[in-house]
Every structure is written in structure tokens, then in C-alpha cells.
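**Student:** Got a sequence here, can you model it:
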Amino acid sequence: MKFTPIILALMLLMAACSRRDAKLDQQILGSWTGLAVGYGRMTFAPDGGFSFVDNYTTNISAGTWQIKDGDFIVKITNAPFLHGPSPAGPETRSKIVSIDAHKFVYISGGRTVTLSRQ
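**Tutor:** Numbering: from 1, shown residues only. Okay, here's the model as predicted:
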């Protein structure tokens, strides 16, 4: 019985993280632009898929995304380039700073990235 308060606190913390992740899942949906995506548009779909369209070459890259414990996790599964498709990329994990109706800010590789809703 000594551990009951600790277990209860952990359960509440996990539930709070799940609710926050679910809210972030809804806020990230849609299209974003910014220096991090070069001269293109990144679109996040409700099914956990994303696409990136390059404005210059019209190449379309695709992959999966998820938010877990406040982290933004992306894996590229298809990235065609001028000389054919590249292999799928590794999973990348970035810390979400904030998302609102107009901006998405996260930290990736030690640098702060800001995207704007398109």
C-alpha cells in the first residue's frame, strides 16, 4: 500500500501526456512552410502520413509522422530525387516547443525550427 500514491501519480502523468499528445496531433495537421522545408510545403495527414512537395522540381517525398511524449517523430519512406528514389531515411525525433494556428516550433539537432501554416 506504500506504493499506491506513486502508482497513482505515474498513471495521472501518463494520462496527461497522452492528452497533450492527442492535442498536438490535431494541431499539426495541415500544410506548413519555412526554411526547414526549403522551398516547399510539408503536409501532415490525420492517418499519420506526410508529404513534402519541392516547389522547384515538383518532387514529392513521403513518410510517416507521430507525436509521442511531446516529441515529433518523422520517418521518410519515399524520397524521389533527380536520379531516382533514395532509400528510406532514418527516424528523426525532435522536441516540440509549441504549435498554434499559425506557427509550429520545434528543436531538431540542437537548432530551433519555425514553420508557418500555409
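**Student:** which residues does Ser51 contact?
**Tutor:** Ser51 makes contact with Met42, Thr43, Ala45, Ile60, Ser61, Ala62 under the criterion Cβ atoms under 8 Å, 6 or more residues apart in numbering. Where you see a C-beta, it was placed from the backbone N, CA and C, and this is true even at glycine.
**Student:** Which ones among those residues map onto helices?
**Tutor:** Among the contacts of Ser51, no member falls in helices (DSSP state H).
**Student:** Nearest to Leu29 among those residues?
**Tutor:** Of all these, Leu29 sits closest to Ala45, with 7.2 Å by Cβ to Cβ.
**Student:** Who does Gly49 form a beta bridge with?
**Tutor:** Thr64 (DSSP bridges).
**Student:** now swap in the one 5 residues further on and tell me
**Tutor:** Assessed by DSSP bridges, Asp54 has beta-bridge partners Gly40.
**Student:** lowest-confidence helix or strand of this structure?
**Tutor:** Least confident helix or strand, the chain: strand 84-86 with a mean of 54, by mean pLDDT, DSSP states H and E.
**Student:** which residues does the closest residue to Gly30 other than its chain neighbours contact?
**Tutor:** In space, and not counting its chain neighbours, Gly30 is closest to Arg117: 6.2 Å by Cβ to Cβ, 6 or more residues apart in numbering. Taking Cβ under 8 Å, 6+ apart as the criterion, Arg117 is in contact with Gly30, Ser31, Trp32, Ala101, His102, Lys103, Phe104.
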